[in-house]
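Novice: model this:
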Amino acid sequence: MNIPATTEFELGVCYYPEHWPEELWADDYRRMVETGFTIIRIAEFAWSFFEPEEGVFQFDLFDRAIGLAHSYGLKVILGTPTATPPAWLTERYPEVLNVTYDGVTLQHGMRRHYNYSSPKYRELCARITAQLAQHYGTHPGVVGWQIDNELNCEINVFYSESDHLAFREWVQAKYGTLEKLNEAWGTVFWNQTYNSWSQVFLPRPTPSFNQPNPHQALDEKRFISDNTISFARIQADIIRRLAPSQWVTTNGLFGHLDSHELTDEHLDFFSYDSYPQFSSIYYDAGEADPLQDRNWSLSLSVVRSVSPNFCIMEQQSGPGGWVNRMDMPSPKPGQMRLWTYQSIAHGADKLLYFRWRTATVGNEIYWHGLNDYHNQPNRRVREAARIGRELAEAGKHIAGTRSQADIAILRDYDNEWDGEYDVWYGPFMWQSNKEWFKALQKRHIPNDVIYMRSKTTLEDLIPYQVLVYPHPAILSDETASLLDQYVQQGGKLIFGCRTGYKDTRGHCYMRPFPGAAKDLCGITVEEFTMVKGTRLPTSIRWGNASGTLTGADAFNDVLQVEAATVEVMGTYASDYYAGKPAVTRNRRGKGEVWYYGAVFNAEAALQIIDSLSLESPAADWLELPGEVELQIRKNENASYAFLLNYSEEPAALQIRHRKTDLLTGEAISGSYSLEGFGVLVLY
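Specialist: Numbers count the residues shown, from 1 in each chain. All right, here's what the predicted structure looks like:
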């Protein structure tokens, strides 16, 4: 692969020359360069401009746009335009359209209205990609490619006839025989047994509230991921053959897609679209003490697990929203800069703002870019120019460094996908991930996110002192063995309730809970219950009879000690199982395994953090208030501490060792007031 050297930070913007009169282009490019931009992304929605009718190709408009950008010293990322098939295509080949679960065909008029399985769509996507790669594969202004745009965004399920046929081929390849398929899907239940491959489909509407077989539903998600990756592979292979000196990426992180596998197999690095205000819209409803835009750092940690150094292909630069949804307010002065450095602190080496100028037509007329419709100077452009000046020098030092953490939150795709359907543990994972992140943020302890995969090795895990795997209901014996190796050599592993009772097919083990994790934890689950409905909230008492009380949320595993190496760290303080073990620690080899019998909240996570004596990596030289995030990027030569103030008010810092701010060159020590939404990068 053509992984680019990371000696220079790239700052840029998304641009749509086809949206604007050509006489604006030169002035736009000139002002981009003056703002400090070095790179632009174009053309990801421009299929009709390249192929206005089937088999007729033209490049004049983008030849001029790219040539002019190159003359101003701007590098170009070229998007393959396959996220928005043209009207002539969907009219002539309606089989390329996506179909809903209920059988409704999704029509032309928005975007992502196609399916990945249609042979005709794959053929036409391959052809337009080949035409573009042949034409621009040696262009000195084009440095890289974005495949499609936001794979599985908008919709991540597919039920066209082509999808049903492709799924049938996929399960045939996976299982080989109907006997093995029936076993894997547990079709003996409710007489679902298949005796012909022609009877096998993706999930379809059923009488039981449209609820499919859960094992079939898990395989559906695996199929969608594999199918999406195979669709991307077509374009990646063509670009690598015809444009071998240019890199390949795509922008994600969307559902039903193994972004790690996609990146490993077909990309030079992963890209992400960073909109921190989404956190407030989608994640913080009804939450006490919400993290709001700071919560986006957890999403960026996930991106970093895919690609340690990544590209932000779209960075929020203004108020956001479509005509009918996502009505986000304007960033306050300093917030756009804060969000920019939030992305950089977590591993971005390239960052492009969305977009240069706000669209005057279409669904995104309120998805504001740097420039407003009137094209006159504004606060956001001035803020971007400040960032451009800072990164012109600081970016040389930051690029190529990697984020550092001693604790990781573990996830895996099987549990994410199975948990979409399984309400007995699926929602718990998201709550516990967020609550652990919140607790770590309060103590200024950076964390990574690690996805457990078949490729994961002990070498991937041992850099971390602590691993938190909140609710892995699906846990294979092989994964449990790997985690045991991690513990035996000195690692600390933390599980939550509902751990280890399913195999990779989604079948429940006929073993005492926590199934595959039983020996690791040294306990069994005596009984369990949801905490909901008419039940009163439950609580856990830590330590002795006068110990701290924390909530035991959502689900309670009542534990029974099975090994002499187990210590009870907390007991239930309420309900009929009051006094029973709720939290245990098992000394195993040189390490230890914790089992927490409920869904985590930040207070419970803090109890464990304190018991493990975890502290901030900057504790010896830095005191921070709660509203400031600490993130560290380093290499063998230098370490950079990013301090990000998410409050509108100044934050009081104590810096005990003399440091220098990379962004200003200012020497800092002692008491320091960090402005509202302010940023320091100290070394």
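Novice: alpha carbons only for contacts and neighbour counts from here, please
Specialist: Noted.
Novice: so what are the sheet partners of the lengthiest strand in the chain and their directions?
Specialist: The longest strand of the chain (DSSP state E) is strand 651-660. Applying DSSP bridges to the sheet, strand 651-660 is found paired with strand 622-623 (antiparallel), strand 667-674 (antiparallel).
Novice: now distance to residue 122, mean neighbour count and mean pLDDT too, for these, in JSON lines please.
Specialist: Shown next, in JSON lines, are those (distance: least, Cα to Cα, whole Å; neighbours: other Cα atoms under 10 Å; pLDDT from 0 to 100):
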{"stretch": "strand 622-623", "distance to residue 122": "55", "mean neighbour count": "16", "mean pLDDT": "98"}
{"stretch": "strand 667-674", "distance to residue 122": "53", "mean neighbour count": "14", "mean pLDDT": "98"}
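Novice: who wins for proximity to residue 374 among those strands?
Specialist: Smallest distance to residue 374 across the strands paired with strand 651-660 (Cα to Cα): 34.1 Å, for strand 667-674.
Novice: what does the closest one contact?
Specialist: Strand 667-674 is contacted from outside by 645, 650-661, 680, using Cα atoms under 8 Å, 6 or more residues apart in numbering.
Novice: which one (most neighbours) among these?
Specialist: Neighbour counts for these (other Cα atoms under 10 Å) peak at residue 645, which has 26 neighbours.
Novice: and stretch 362-373, how far from the chain's centre?
Specialist: 25 Å (Cα atoms, centre = their mean, to the nearest Å).
Novice: straight-line length of that stretch, end to end?
Specialist: One end of stretch 362-373 sits 13 Å from the other (Cα to Cα, to the nearest Å).
Novice: tell me the buried residues in it?
Specialist: Using 16 or more other Cα atoms under 10 Å as the test for burial, stretch 362-373 gives 364, 365, 366, 367, 368, 369, 370, 371, 372.
Novice: what's the answer for stretch 613-623, then?
Specialist: 614, 616, 617, 618, 623.
Novice: how far out from the middle of the chain is that stretch?
Specialist: For stretch 613-623, the distance to the chain centre is 27 Å (Cα atoms, centre = their mean).
Novice: kindly reformat the strands paired with strand 651-660 as JSON lines and extend each row with distance to residue 418.
Specialist: As requested, these are exported to JSON lines (distance: least, Cα to Cα, whole Å):
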{"stretch": "strand 622-623", "distance to residue 418": "42"}
{"stretch": "strand 667-674", "distance to residue 418": "44"}
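Novice: ok, back up a step: can you lay out the buried residues of stretch 613-623 as JSON lines showing secondary structure?
Specialist: Putting those into JSON lines (DSSP: H, G, I helix; E, B strand; the rest coil) gives the following:
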{"residue": "614", "secondary structure": "coil"}
{"residue": "616", "secondary structure": "coil"}
{"residue": "617", "secondary structure": "coil"}
{"residue": "618", "secondary structure": "coil"}
{"residue": "623", "secondary structure": "strand"}
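Novice: which strands and helices sit next to the strand or helix carrying residue 61?
Specialist: Using DSSP states H and E, residue 61 maps to helix 60-71. Packed against helix 60-71 by the contact rule (3 or more Cα pairs under 8 Å, 6 or more residues apart in numbering; DSSP states H and E) you find helix 25-35, strand 75-79.
Novice: can we see that at 10 Å?
Specialist: helix 25-35, strand 39-42, helix 47-50, strand 75-79, helix 119-136, strand 142-146 (3 or more Cα pairs under 10 Å, 6 or more residues apart in numbering; DSSP states H and E).
Novice: which one of these lies nearest to residue 203?
Specialist: Comparing the helices and strands packed on helix 60-71 by Cα to Cα, helix 119-136 comes nearest, at 21.3 Å.
Novice: in the closest one, what counts as buried?
Specialist: Buried-residue list, helix 119-136, by 16+ other Cα under 10 Å: 121-122, 124-126, 128-134, 136.
Novice: try stretch 372-383
Specialist: 372, 380, 381, 383.
Novice: in a markdown table, list the helices and strands packed on helix 60-71 along with mean pLDDT and distance to residue 557.
Specialist: Formatted as a markdown table, the helices and strands packed on helix 60-71 follow (pLDDT from 0 to 100; distance: least, Cα to Cα, whole Å):
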| stretch | mean pLDDT | distance to residue 557 |
| --- | --- | --- |
| helix 25-35 | 98 | 56 |
| strand 39-42 | 98 | 51 |
| helix 47-50 | 98 | 54 |
| strand 75-79 | 98 | 50 |
| helix 119-136 | 98 | 49 |
| strand 142-146 | 98 | 46 |
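Novice: among the ones you listed, which is nearest residue 543?
Specialist: strand 142-146 (53.7 Å).
Novice: next, report how far the closest one is displaced from the centre of its chain.
Specialist: Worked out by Cα atoms, centre = their mean, strand 142-146 lies 22 Å from the chain centre.
Novice: for it, which outside residues touch it?
Specialist: Applying Cα atoms under 10 Å, 6 or more residues apart in numbering, the contact partners of strand 142-146 are 2, 4, 39-44, 66-67, 69-70, 74-81, 133, 136-137, 235-236, 239, 243-251, 267-268, 270-271, 313.
Novice: how much does that strand deviate in direction from strand 75-79?
Specialist: Counting by axes from the mean of the first three to the mean of the last three Cα atoms, to 10 degrees, strand 142-146 lies at 30 degrees to strand 75-79.
Novice: just want the angle from strand 142-146 to helix 60-71.
Specialist: 120 degrees.
Novice: strand partners (parallel or antiparallel) of strand 142-146?
Specialist: Sheet partners by DSSP bridges: for strand 142-146, these are strand 75-79 (parallel), strand 247-249 (parallel).
Novice: in JSON lines, list those along with mean neighbour count and distance to residue 330.
Specialist: Compiled in JSON lines, the strands paired with strand 142-146 are given as follows (neighbours: other Cα atoms under 10 Å; distance: least, Cα to Cα, whole Å):
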{"stretch": "strand 75-79", "mean neighbour count": "24", "distance to residue 330": "27"}
{"stretch": "strand 247-249", "mean neighbour count": "25", "distance to residue 330": "30"}
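Novice: tell me how far residue 517 lies from residue 617.
Specialist: For residue 517, the distance to residue 617 - Cα to Cα - is 31 Å.
Novice: quick one: residue 679 from residue 460, how far?
Specialist: Taking Cα to Cα, one finds residue 679 at 31 Å from residue 460.
Novice: those two - which one has more neighbours?
Specialist: Neighbours of residue 679 and residue 460, each counted by other Cα under 10 Å, are more numerous for residue 679; the result is 24 against 12.
Novice: now the two most distant members of the buried residues of stretch 613-623.
Specialist: Going by Cα to Cα, the pair spanning the buried residues of stretch 613-623 furthest: 614 and 623, at 15.3 Å.
Novice: least confident secondary structure element in the protein?
Specialist: In the chain, the helix or strand scored least confidently by mean pLDDT, DSSP states H and E is helix 278, which has a mean of 89.
Novice: which stretches of this protein have low pLDDT?
Specialist: Judged by pLDDT under 70, the chain has its weakly predicted residues at 1-6, 284-285.
Novice: could you point out the longest helix of it?
Specialist: Identified as the longest helix of the chain according to DSSP state H is helix 214-242.
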